[in-house]
Structures are given as C-alpha cells and as structure tokens.
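A.B. asks: here is a sequence with its predicted model. Questions after.
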Amino acid sequence: EQETADQKRPTLVTTLDLKDERVGDYLLRVTATNSEPGGVSSDFVDLTLEGRQRLYGTLEADKDWNAALGDPDTSAFKQEAEEWETNLDTVFDRFIGYEGVDVSAFRAGSVVGSFVAVVAESESEAAMDAYRAQVNSGAVGNLTVITDGSGITNKAPVDSPGFTNVTWDNWFKSPLVLAIIAAGGAGLLILLLIITIVCCENKKKRRRRRKRKQSTKDEEKGEDET
C-alpha cells in the first residue's frame with residue numbers, strides 16, 4: 001500500500017490489517033522512494049502472526065428480565081448487548097490480538113448473556129483468568145455480577161438442538177440434558193419396579209412349590225402308616 005509524504009505531512013503512519021493472513025513468521029520491510037533518483041529501505045523486521053482464540057463466556061447480571069431480550073431483532077436486545085459489550089471491553093481490550101466481543105443471546109435468570117471474545121492464542125489463558133477475577137470481584141464494568149451464573153471457556157459450545165448457548169462448562173444446565181436425566185431416572189424407577197414384581201412372583205412360585213412338596217410328603221406318609 002502506497003502513501004505520499006509532503007512537507008505538511010513528513011511522517012506516515014500506516015496500519016496493516018493482517019487478520020486474513022496465515023499464521024507464521026514474516027519479514028517486514030518498508031521501502032520509500034522520492035522524485036529524486038534512488039530511494040531508501042528499512043531493515044527487515046521480524047513479524048510473527050499467531051492464531052486467534054475464541055473465548056466463550058456467560059455473564060449473569062443482577063437485572064430484571066425483559067422478555068424482549070430473548071429476541072435478537074428487538075431494539076431492547078441491541079441496546080442491552082451494546083452495553084454489555086462495552087463493559088466486557090474493559091476486561092479484554094488490554095490483551096494482544098483482541099478483536100472485540102460479541103453478545104449473541106440473553107436468557108432469563110436474572111439476565112444471563114452469552115458472548116464470544118477473540119484474543120491471540122498466547123493470551124487466552126490470561127484473558128480467561130482476568131475475566132474470572134473480574135467476575136469474582138462482583139462487577140464487570142457497571143454490571144453487578146452473579147458469580148455462580150458466570151463463566152468462560154476456550155471450548156466451543158455444543159451445537160445441537162436443545163443445547164443453545166451451552167458450553168462444556170455448563171452443559172449440565174441445558175434443558176435437554178435435564179430432560180434426558182429425568183427420563184433416565186424415570187426409566188430406572190420403572191426397571192426397579194419390574195425387578196421387584198418379578199422377584200415377588202418368583203418367591204410366590206417357590207412357596208407354592210414347597211407347599212406342593214410338603215403336601216405330597218404328607219400324603220405318602222399317611223399311606224405308609226395305613
């Protein structure tokens with residue numbers, strides 16, 4: 001990319017957008033030319049592009065639930081998401097490779113928001129630790145936090161029906177998982193009931209057999225005495 005310097009603007013500052021470049025090591029050199037013959041080049045500068053890491057988080061704020069927050073197309077959702085993103089920026093914006101945070105959903109209880117933040121791979125653990133520390137302090141920006149309902153992980157959410165916004169850290173809270181557990185518990189109770197009925201029937205059969213054997217012995221004994 002070329003820019004022109006002049007007396008009013010003798011220094012140029014250029015920002016390189018390298019988001020779409022492949023991860024790896026690069027050599028960067030700046031070359032300048034002027035209207036006079038010749039030009040000048042800088043020394044090579046080592047540049048390392050590392051991978052980006054998505055962080056998947058939940059934040060439960062001590063706020064009253066509004067049903068409109070359940071629909072991403074409503075103005076209430078967009079305003080709330082913007083406020084949360086601004087507050088979450090205060091946690092993550094100091095980390096290398098930070099590309100922003102996106103609040104994707106809200107659900108009741110008080111208000112629980114799901115978000116994704118992107119940082120450099122080398123910064124991911126520190127970024128997660130910083131978020132946890134901020135949550136444990138009781139506030140993220142101007143949001144009052146409920147600690148038990150907030151968390152973060154570098155593992156992608158489970159993407160299946162009934163697992164919306166569920167991560168590996170909170171999968172056990174999914175309505176589908178709870179339904180499966182409830183169905184499994186009911187099935188276990190039914191199985192135990194069947195086993196109990198079968199055992200009772202077997203006991204009854206054994207008692208009947210013992211009675212028949214005893215009756216046969218008594219009859220045989222009576223015939224011998226006769």
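C.D. replies: Noted; the coordinates are in hand. Numbering: from 1, shown residues only.
A.B. asks: ok, now how distant is residue 146 from residue 192?
C.D. replies: Using Cβ to Cβ, to the nearest Å, residue 146 is found at 38 Å from residue 192. Yep, even glycine has a C-beta here, placed from its N, CA and C like the rest.
A.B. asks: please apply the same query to residue 97.
C.D. replies: For residue 97, the distance to residue 192 - Cβ to Cβ - is 55 Å.
A.B. asks: comparing those two, which residue is more hemmed in?
C.D. replies: For the pair residue 97 and residue 192, the greater number of neighbours falls to residue 97 (18 against 10), based on other Cβ atoms under 10 Å.
A.B. asks: sketch out the low-pLDDT regions of the chain for me.
C.D. replies: 1-49, 158-179, 217-226 (pLDDT under 70).
A.B. asks: where do the helices sit along the protein?
C.D. replies: With helices called from DSSP state H, the chain shows them at 75-92, 124-136, 175-225.
A.B. asks: what's the first one packed up against?
C.D. replies: For helix 75-92, the packing partners by 3 or more Cβ pairs under 8 Å, 6 or more residues apart in numbering; DSSP states H and E come out as strand 52-61, strand 100-108, strand 111-120, helix 124-136, strand 139-140, strand 143-144.
A.B. asks: same for the third one, what does it pack against?
C.D. replies: On a contact count with 3+ Cβ pairs under 8 Å, 6+ apart, strand 111-120 meets strand 52-61, helix 75-92, strand 100-108.
A.B. asks: for residue 118, which of these is the nearest?
C.D. replies: strand 52-61 (5.3 Å; Cβ to Cβ).
A.B. asks: neighbours of residue 116, how many?
C.D. replies: Neighbours around residue 116, by other Cβ under 10 Å: 15.
A.B. asks: that one touches residue 55, doesn't it?
C.D. replies: Yes. Assessed by Cβ atoms under 8 Å, residue 116 is found in contact with residue 55 at 6.9 Å.
A.B. asks: for the residue lying closest to residue 78 once chain neighbours are set aside, give me its contacts.
C.D. replies: Counting by Cβ to Cβ, 6 or more residues apart in numbering, residue 78 lies nearest to residue 72, which is 7.8 Å off, once chain neighbours are set aside. By Cβ atoms under 8 Å, 6 or more residues apart in numbering, the contact set of residue 72 is 78, 81, 104-105.
A.B. asks: need these in TSV (columns: distance to residue 196).
C.D. replies: Below are the contacts of residue 72 laid out as TSV (distance: Cβ to Cβ, whole Å):
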residue	distance to residue 196
78	57
81	54
104	48
105	45
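A.B. asks: ok, and the most crowded of the residues you listed?
C.D. replies: Busiest of those [other Cβ under 10 Å] is residue 81, holding 20 neighbours.
A.B. asks: now do that one against residue 146, distance only.
C.D. replies: 18 Å.
A.B. asks: what count of nearby residues applies to residue 198?
C.D. replies: 10.
A.B. asks: with residue 69 instead?
C.D. replies: 21.
A.B. asks: so what's it closest to, chain neighbours aside?
C.D. replies: residue 106 (4.0 Å).
A.B. asks: okay, buried residues for stretch 95-114 please.
C.D. replies: 95, 97-98, 101, 103, 105-106, 111-114 (16 or more other Cβ atoms under 10 Å).
A.B. asks: related to what we said a few turns ago, could you redo the helices and strands packed on helix 75-92 as CSV and give each row distance to residue 87?
C.D. replies: Formatted as CSV, those follow (distance: least, Cβ to Cβ, whole Å):
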stretch, distance to residue 87
strand 52-61, 9
strand 100-108, 9
strand 111-120, 10
helix 124-136, 10
strand 139-140, 5
strand 143-144, 5
